[in-house]
Every structure is written in C-alpha cells, then in structure tokens.
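Colleague: no FASTA, just this:
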C-alpha cells in the first residue's frame, strides 16, 4: 500500500491516495468526484470551492491534522481578498494535499447537484445541463505559423480541457474574433452537448472569464398563456417566472378555431406563427430584464406545448391536426436554433429543444407531464389529468402507460359560462352552499375572506365581484348538487322544488343566483341551466377519456389521481369527485402536481438524460384516440349524470351523501317543450 | 461451383453468379457495381438503364444467348412507350437474369461517372456529390398508431433504402407535410452527406418522383467579379456559367481599400457583406433562369475566395486581415446553410461549403488552385501562379508544397495604367513591335485581325480602340524591351535614342505611342514611363514571391510554370518571361490552367472526397509570409530590372536576344532631376 496521503471526498465517499502536493481539484478529477471548474484550475472562477474537515473520522478511518492542506498561496489569498470566500472554504485548484484529509464538496461546487423542487410530492432535478462554460487561454496569432482564431481556440480546448473536436454554430464564429482580442486571448466559451449531439458545439463566447452566469428558458406554450421560467443552468434555480397572453387568441380562442383560421385564410398559419414568436421574444426580454440577466447569457430554450401550438411555433401548417387522421408533421423531438425560429432578441446560436409529441391530440405538454410525474415508474396505478382547454390524460404504472386527449372545451376555464371569466381578481373562486338554507357563501380572488366573514365587503371593494372562474364554477355546481339544488341529471330545481328564492325562473329552466351586486352597479351572478350543461359536457369528456384508458387497461378503478395544470392546482378534489370529473378514489389519493408540464420543461432544460428519457417514454406510451372509439361515446353519455348514471362512486359515498332529488316532471326541459308542442 | 447464370458487368469487370430471375439492378448492387437508382427499383426513374451484349465473349469466357434476359414486362414497356429508351437499352431493375450475360453500364447510369474537363491538361472529375435523391413510398398516417409524417418518412428510408438514421435541416421539415400529400405519399427526398457529416441530412423534398434534376453552384468570389458555374449534380456537367461585378467595388477597388472602409466606417463590414450576398443571390437567380433550372433544385453551393472576401461573405470583420499578423477568424473549411448566409432566393436548407484558407493572405481560392492543379502530386517541381490583384503562388512536388501571396496590385488587370482598361471589347490585348522599324501592330478584343491586316478598321469600327488591357500592357512592355525601346532598367528612350518618332517626350520622361485615334475622336494610346513603373512593381512582386518560395525550398530553378486565373489564360509565356514575371524555364514548360480556382470549386462541389483532400492539403502546405521576409525586398529590387538585374535567364536567352541598350544618361529620371536642382 502506498504511503501517499489518503483523500476522502464527501458526500460521494470516493477516496484515493495522492502524492503530497497534488491539488484537490486534480485528485477529484482523477477519482471522478463531481467538482466543478470553469477556469481549468487557474484560481479565478472559484467554482471548485471545497471545505476541508479536520479531526478524527472513525467512519473513514482517518485523522485529519491542521496541516493536511497546503498553506494559502498568493492566488488563493488574492481571490479571497478580492471576491471573498465563506469561512472554512478553500479553492480546490490551489489547496494541495499534504496529509490525510477529508474534503467536503458543497452542493454549489457540484456540476450535477440536485435541485429540490418546492412542491412536496416532487422529485429533485439532477443538474446535467447541455450547456457548459470553459475558460481558455488561446495562443496569439503568429505570422510564421498562420492559423485561424477558431483553430487556435480548438487547439486550446484540446490541450486545456481534453476536448478533441467540436462543431461550431456558424453564427458564433464571427463573434470570436473581437472577443478573443477584447479578452487578450483569454476567453470563456459555451459548449452545447445534449443526448443526441455527435460533438460538443460552440455556441457562445465572452472575453476573459464569464461571470454573468448561464441561463435557460423553460417555456410552457399554452393556447391561452405562455409561461416562461428563467433558470440558472449552473444552480438549477428558477430566477424569474413570467407569463404573457398568447396573442394568437385574436385569431381564435380555442385551438380548433385557430386551425380553422389557418384553413380559411391563406397565410393565416404564418401570421399566427409570427405572432407567437414575437410574443416569446417579448416575454424573453421582459423576464431577463426582471431578473437582471443579459440576453447573451440565455443559451437554451426548452418548449412544451400541445400539437397545434407545436406546429404553429415551428411554422408548420396545423390544418392536418384539425381533421382525421390528425397527422403530426413530426412527432419526434425537434432541435433547432433561435435563428431558425427567428427569435430575434436571443443569441442566434441559442439552442432550442422541443419535447416530442405523443400523438396528434396529445402533445409535448403531455410528454412533459409524463416526464415530471413519471407514471411509468409508479408502483400503483396513477391517473394523471392535465386539465386545460383540452385535457391530456395519462394512465399507468411500471407495467404500461396509456395516453389520450379529451376535448373538454373551455368551460373549465370559465369560458362559455354565463357569468364566467378568467381567474383574475374579482372572480369567485370558491363556493359553499348550506344544505339546509340553500344560502351560498364564497371567496373572491384577491382576498382570503369568505363572503360571510366580517370585512369581506371592504376586502373586495377594490376589485368588485365580477364573475366566476373555472374552479368557482366547479365548486358551485358540485355544491348545488350536494345541497339538493341540482338533481342527478343536472336539472336545477324551481324555487318551490328546492325551497329557495335563489332559484330564479329563466325561460323554461331555472338559474341559481350566487350573488346580486346590481345594487352597487355590479352584475347579478347566477349559475344557469346552460352553465350546468357546459360543465356537464366538459366533465363528461374528461371522465370518458379516463374511463376509456381504464377499459384499455382492463381495470375498473385506479389507485390515485393526480391533477396537473395550473388550473388543476385550484380544483377541490371533493368537488371534482362530486361532479364525477374523475374516477372514484379515496379523497386523500387525489393530489395536485401543480404545473407539471412546466416542471417537465424545467427538467428537460436542466438534465440532458431526461431528454433521452422522455423520447423513450413517448415511444413506449400506448396512444388511444378518443375520436374513433365507440366506447368513448357510451362513457360520455353515462358521465353526463352527476356524478354518473351507471357507475357507483363508493369512496365518494363514504364522505358525502348526495340527496336523491329529481326535478324532471316528465322528461328534461327540452323534452317537455317538445311534448307540449306535439 | 454454382450452376446459376454468370453476370459480367462492363466496364468494371465485376462478375458473379445469380439465381435465374434476379433483377440486374439487384445483381449490380450485390457486386458493388456503380449502377444508379433513385426510385429504388420501381421502374419509374430510369436511372438504372443498362445495355446487354449478346454473342461470344472469349475475353469473359461467356456466350450470351438472345434469351439471356427476361422478356420486357409491363412496367418496362410502359416506361418505354411513355418516355422512350435508347435502342438496346433495358431498365436494370426490370430486366432479370435468365442465362449468362454481359451487361454494360453506360456512363450516364453510373453515380460515380467521370466528367472530362475541356482543358487538355486537366484531370477528370470523379462524380461523388454530397447530395443524392431517394424516391420513397411513405405509409399514410394511421390514427390507431399515431406517428409524425417525418417519422414515417424515416421508417420508409430505413426499409426501402437501408438508411437507418438521418438528421434533418429544420427548414425542410415544415415542407414535408404538404409534399407528402401532394404526391399521395410518394416523395423524392434529397439527402446531404459530405466528408464530415455524422449522418445524412434531409434537406429537400418533392412530391412524387423528382425529375427536374439536382444542381449545385460552384462560385469563385473574386474582388472584382463573382463567377458562378451551375452544375448538374447527377451528370457533373456545367449547364450555365455566368458572372457579375462584385458590388463591393463601390466601397474600394482593391481588397485593402475595402478593409480600410470597414476600419473607417462603423458597420461598413456589414454593409459590404449585405452587398456581396445580394449580388450572389441575383447571380444565382440569373444563372438558374438562363439554364431553365428551378431554384428549389439548387441544393449546394461551394465557394472559393481570397481571405478578405471570405470574411466579408461570412459576415466577419476583415480588419484583422489588413494588419500584421494577418489573423484569419477561421482558416478551416466552413459549412453552413443558405439561410445562415441570408441568400434569400435559394432554398433555406441549401448547403454551403467554403473551402479552407491557407493563410491570412492566401485564401480558399489558392486552396482551390491546389485542389485543381495538385502540385503535391507532381513528379517535377511546379510553380503555380494565380495572377490577379494579388498573386497566389504555389511551389511544390510530391515532397512538399509551399505557398505565399504577393501584392502585385491591379496593374496586371489594366488598372493604374494611363490607357489601361478592363478586358472588354475595344481593348488592345496583344501587341507586336518590329525591332527594325519600331512600328507596332496589335489586336483588339472583339476581332481576330491584327491592326495591319486588311479589314481591321471595319472589324473594330463598332467598338473603337479604347485602351489597353492587362495582357496587352504586358505584351507591349515586353515587345518594347525586345525592340530596344526600353532598356534593362525600365527607361523608355527618347525619339533620338530609339530612332522612332513614336517615342514622345512627356515631362522629363518619354512615352511610346501605340495608337493615335484622335483623328476619329478616339484616344491617343501610349505606354508611359509611369505605366512601365507600375508593371515593374507588379512583376517584381510576383517574381519575388516565387523566388522566396524557391529559396525556402533551397532551389535555383523550377521545372515548369503554370499560369492560373482568367487573366493567366491570356498571358503570352514568352512575354511574361521577357518581363521577368516568372522564373526562367523552357517556354514549352509554361502552361495555362485557365480558371483553376473555379475548377477547384467545381471539383469540391462534385466530389466530397475532394473536400477532405483539400483540407488535408491545406494543413500540409508550408505557408510563407512575404511581408516579414527580408529576402523578399532583395528579390523585389533585383526583379525591378527587365528581366532581372542579377539573375540569368539562360532559357530565355536561347529564344530571344534582348538588346543591350541603356537610356540612363547619369542616373534614372528622378536622379537626374535631383542632380540638376542641386
């Protein structure tokens, strides 16, 4: 056994003996310990900070003496005096092994550190981004041995970083010349290498040591909103999140009306493409300004979106997605550059990764949900529902994952609802109805108080009570059912039948009045029979999709339900189940995954292996097309009843008893009318 | 030995036995015989045409009977009746082996056919282009098994062409959708794969079978003119050649004045970049229109150019090339797309290859000359001179090749000459002077007659006699030296000294009058002492560069001289040697290579291996920088004399005796003047 000092690294536990005088960074590199370095051991980037531990370590069988590391040298002293170092920290490239030593690598010095997400349920993101920085000292040009700046830079990459060959994004070449000279032949380059790159690709450069960081954008491109998360590609932390309305709304509220716009208007697809790209450009600039990040430091973008937005983003005519067989132009992941997407505020060479689509109706957003929620790794059978204008539904466990999409329409987002509105201050977002008195109380976005709390009026004075949003309408309908205002078929009873003056006649049907603000010049907010029908259509579509996947899998119940999507985060599990939106499970088995699509985008941004993973996953998912499946219609019709005409909801029955009322006095409203006419 | 029929292919001589019923195309593919096919054996592209031979072939030991091939089938009959087939031809994919047979593959059915160049000296170009066409039948989309159009196309490529994986140029994806449907799921795709591609790349597609051909542009981007050769990438033939003035001339006639423009005017480089790209765009459209070729069929461009044009084309600031150490931003070859160069008339995915540069003064044009003339494969020592505004000089043989560039200035192109003009109708291009009478005769561009031929006046009446072009001034000066009008130092004698009234006094010096058209309102065309000085500067620079390479190689004489460049084609070897432009060699060892840079571009366009070859070559060439070499000055001063102050020209002496005259009556003109003043 060698007499060289023993070096033990924590937390990895890797250990080895090294000759006296070996820099800690060198020891780490030889052992494969995850210790970062951008400057290549020159003592200027400080990425390789480590913490030596001293004393007796029986666990490691080592005693570390005070002189186990070399004294501070001039480089380390200079760094500390100029930039500062946390107490106990040393620069790994300067501190040398003098005796047995235990070295802790703090998370911020690890390239592959884990980023713990806020949501309790969520798994950590392992950092392994595609883009990395390399500091280089490049030879000056020499007339006697003429070579190009790029060729000398490549030589330096090989000599100083052992990177034998790179490719180059053309737009980055023209910028090297000036940057090499501005940095006096010292330069930091960004190389991009993801799971499918043949070679690392040079995509950006800065004079000298680049200290302004490296960022990426995870973008969830929705039909209604575009959300972006500006992410530090070194720490994995989201430094700013921001959203913007999708300007394509002016061409059509929902996806199919945008497809129609493209069909009816030659060049309409190009018009929508330009609009969405401009919006992304604007959003990128706003979010960078908000976080104080330079646009030139944003070098990668990851997109998730539904198939129609996918095509419109990429400049592909979406018309095929509006008609059977719903053929995607490409279903695989797409890699391109900001220049190719014409995103003008970003560096031309910024790399773009668009997640793969699952099918013509089940997009990259659903793939991102799969990446985030990993149904394929689940021990129990999970149903994951991403609720939006279309619902994407995943069902699976370790054995097999199935996916479909179901056309819920925009009712869940407050659209096509008489008093509906988007979730914004002033919107009713939560409702409770007293089963005895049939009187409602509610909460409005912008205030935590309920409408029967003291001070409510003052709290909402600024916004008023302007309408009802998606989660509000779901709770209202479910509460009406619990309170016996609504029967199983979805009919609202009359004032006499229900015993409440809030049931107002409206033509041949009835509406339930939630709030009358007309005295203050505000609206009268009611839930009409039409609203109930809209919610019934939406929830039936959602349930029928889920049920179709369960049929395909040959099961009658699932073990748990995950509600994803920004809206999913606000749905009350009890109310969703009363409505029969989701299959019957114990209430504590319904969880929210928050914006799972956005999280999937962040994971793919921070970890290249996750890209290979999602591509593999998507290939293995069984796609189910709701449009051509007769059982879908059957499930849809059954699901129209609240909660369901034929399926028992035993778990629901344990926590709430739905009144056995029926307000149909000889057929539904329309049936009655027809008979009267006959 | 098998009893299967023997199939012998000519001209390759490849042979093998195949079961009765094997299609000839299949037999060829199994033997590795070079037989083309785009449609994959479906009998629609006709690329696989072959000619069976019948009778006794003792050379091959085969007797071919009349029934050696299968009868014409319906596919072959239909093709013949619709499109026609040359007598004796069959479709290789339809005709099947029935007995022993000899099959000739005509050149037009070979992918790797040779294209014989016109110039006698030139080697043939072996066809092996980067872009090839593949006809595919793609599965229609299926709702039950949803995949993207691109993914189904990839599947077809694998199944039908055994191409397991491709990459895709993004801009080509969006076009697939419509083309697949327009061709009813039959499509022709163009794949690009050159010497450094990891995978074939999808760059274009057409509905059905694409029959409009596949083209490339070989572009010689000069300081003064941009020349393009539109080349059929299947046959290798140039279908049209055209040129356009380089619009950058308005920013500066020569390269250094353009570099100055970029230095003095912020954004000046971008302005020049835009100008040259627009001109290339215009030229591409004009040449395609001239040849009746669709722009969408032009899928590759190869550029050769000097370093300053290289940087200005690529959008790189050329300022570094105007000052020591003359550092190129990149010296390697550059691969990019028409979209990245913003060439808007070409398909966005058209591929661009720019040859590597040799050094800061020795560009991709010199590399192209090396590729065309192959000094590194020469048994004897060849000096290759590409004469233009700068002269690029290559010296070498199998052992070693050296290169330099020499700043000859524009005098050889007729610029900075008192009666100089570009080579255009009306310009004097050839001159002879009678040594006895000192009377000149000359020829003018636009007519084959000499000025003392009958009918000359009529022949030039349309153009007039407007000036003297580059080859004209070289001949004029050399003839003046041979006739004793000019002494070794370059002084023109007076009328008395020379004995001719054509020697006119001009200030303190003299001029020789070639032609007086003033009676017809035309110019008086003279060769002035200033003109002689300009030619002396230019030729001294050229000779000094060549001599420097000879020093470096340690030799006193070369075996042969190749004059390249459009201008090189018009220089008379004798006159060039009288002037001492080139080293002394036997006259029959001076040849013209025509536009060797343009030929090099064509070779690189037609053959991907040539790209690897030129990259290797450039790496092995010894670069010599004239600007820092003291011996260059020494050679330059010696070369000022005509032909040379110190070097003997024994080969020249054998064919012409230069008169031993001296018109210096006590120093040169300026020396005399100075002395008189003193």
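Modeller: That came in fine, so what should we check first? Computed from a prediction, not measured in an experiment: that's the story for all the values here.
Colleague: which residue does the stretch 451-600 of chain A have closest to chain B?
Modeller: Proximity of the stretch 451-600 of chain A to chain B (Cβ to the nearest Cβ) peaks at residue A:552, 12.1 Å away. Every C-beta, even on glycine, is put in place using the N, C-alpha and C of the backbone.
Colleague: just the buried residues of the helix or strand hosting that residue, please?
Modeller: If you go by DSSP states H and E, residue A:552 is part of helix A:529-553. For helix A:529-553, a neighbour-count test (16 or more other Cβ atoms under 10 Å in any protein chain shown) marks A:529, A:531-553 as buried.
Colleague: tell me the spacing between residue A:590 and residue A:476.
Modeller: Separation of residue A:590 from residue A:476 (Cβ to Cβ, to the nearest Å): 19 Å.
Colleague: the two: who's more crowded?
Modeller: residue A:476 (31 against 22; other Cβ atoms under 10 Å in any protein chain shown).
Colleague: quick check, pLDDT for the more buried one.
Modeller: pLDDT recorded at residue A:476 is 97.
Colleague: which residue comes closest to it once chain neighbours are left out?
Modeller: In this structure, residue A:476 finds its nearest non-sequential neighbour in residue A:431, 4.3 Å apart by Cβ to Cβ, 6 or more residues apart in numbering or on different chains.
Colleague: the one you found touches residue A:481, doesn't it?
Modeller: No - if you go by Cβ atoms under 8 Å, residue A:431 and residue A:481 don't touch, sitting 11.8 Å apart.
Colleague: ok so, going back, pretty sure the residue of the stretch 451-600 of chain A closest to chain B contacts residue A:402?
Modeller: Yes - taking contacts as Cβ under 8 Å, residue A:552 lies within contact range of residue A:402: 5.5 Å.
Colleague: identify the contacts common to the two.
Modeller: A:622, A:624 (Cβ atoms under 8 Å, 6 or more residues apart in numbering or on different chains).
Colleague: what pLDDT, on average, does the helix or strand encompassing residue A:244 get?
Modeller: Using DSSP H and E, residue A:244 sits within strand A:238-245. Computed over strand A:238-245, the mean pLDDT rounds to 91.
Colleague: stretch A:49-59 too?
Modeller: 93.
Colleague: do stretch A:181-194 as well
Modeller: Stretch A:181-194 shows a mean pLDDT of 97.
Colleague: pLDDT score for the nearest residue to residue A:322 once chain neighbours are set aside?
Modeller: Leaving aside its chain neighbours, residue A:322 sits nearest to residue A:259 (3.6 Å; criterion: Cβ to Cβ, 6+ apart). In this prediction, residue A:259 carries a pLDDT score of 92.
Colleague: touching, residue A:259 and residue A:308? I think so.
Modeller: Yes - counting by Cβ under 8 Å, residue A:259 touches residue A:308, with 6.2 Å between them.
Colleague: give me the common contacts of these two.
Modeller: Joint contacts of residue A:259 and residue A:308 (Cβ under 8 Å, 6+ apart) are A:318, A:321.
Colleague: what's the host helix or strand of residue A:592 in contact with?
Modeller: In this assignment (DSSP H and E), residue A:592 forms part of strand A:590-594. The contact list for strand A:590-594 (Cβ under 8 Å, 6+ apart) reads A:119, A:121-122, A:369, A:372-373, A:384, A:560-564, A:566, A:568-569, A:571, A:573, A:576-577, A:582, A:599.
Colleague: gap between the residue nearest to residue A:91 when sequence neighbours are not counted and residue A:32?
Modeller: Setting aside the residues directly before and after it, residue A:91 is nearest to residue A:76 in space (Cβ to Cβ, 6+ apart), at 5.1 Å. Residue A:76 is 24 Å from residue A:32, where distance means Cβ to Cβ.
Colleague: when those two are compared, which one has more neighbours?
Modeller: residue A:76 (19 against 11).
Colleague: what's the neighbour count on the nearest residue to residue A:380 once chain neighbours are set aside?
Modeller: Nearest residue to residue A:380, sequence neighbours excluded (Cβ to Cβ, 6+ apart): residue A:559, at 3.6 Å. As a burial measure, residue A:559 scores 15 neighbours (other Cβ under 10 Å).
Colleague: again with residue A:418
Modeller: Counted with other Cβ under 10 Å, residue A:418 comes out at 18.
Colleague: likewise for residue A:155?
Modeller: 14.
Colleague: contacting residues around it?
Modeller: A:138-139, A:147.
Colleague: assign the one residue sitting closest to the centre of chain A to helix, strand or coil.
Modeller: Nearest to the mean C-alpha position of chain A, counting by Cα atoms, centre = their mean, stands residue A:598 at 0.9 Å. What DSSP: H, G, I helix; E, B strand; the rest coil gives for residue A:598 is helix.
Colleague: separation between it and residue B:574?
Modeller: For residue A:598, the distance to residue B:574 - Cβ to Cβ - is 79 Å.
Colleague: circling back: now render the contacts of residue A:155 as JSON lines, adding neighbour count and pLDDT.
Modeller: Shown next, in JSON lines, are the contacts of residue A:155 (neighbours: other Cβ atoms under 10 Å in any protein chain shown; pLDDT from 0 to 100):
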{"residue": "A:138", "neighbour count": "22", "pLDDT": "97"}
{"residue": "A:139", "neighbour count": "15", "pLDDT": "97"}
{"residue": "A:147", "neighbour count": "23", "pLDDT": "92"}
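Colleague: and these near chain B, which?
Modeller: residue A:147 (Cβ under 8 Å from any Cβ of the partner chain).
Colleague: just the strands in the stretch 501-650 of chain A please.
Modeller: For the stretch 501-650 of chain A, the strands defined by DSSP state E, counting those that start in this stretch cover A:503-506, A:509-516, A:524-527, A:560-564, A:590-594, A:622-623.
Colleague: nearest to residue A:233, out of those strands?
Modeller: Judged by Cβ to Cβ, the one of the strands of the stretch 501-650 of chain A that comes nearest to residue A:233 is strand A:590-594, at 22.0 Å.
Colleague: what is the burial count for residue A:244?
Modeller: Other residues near residue A:244 number 16, with proximity taken as other Cβ under 10 Å.
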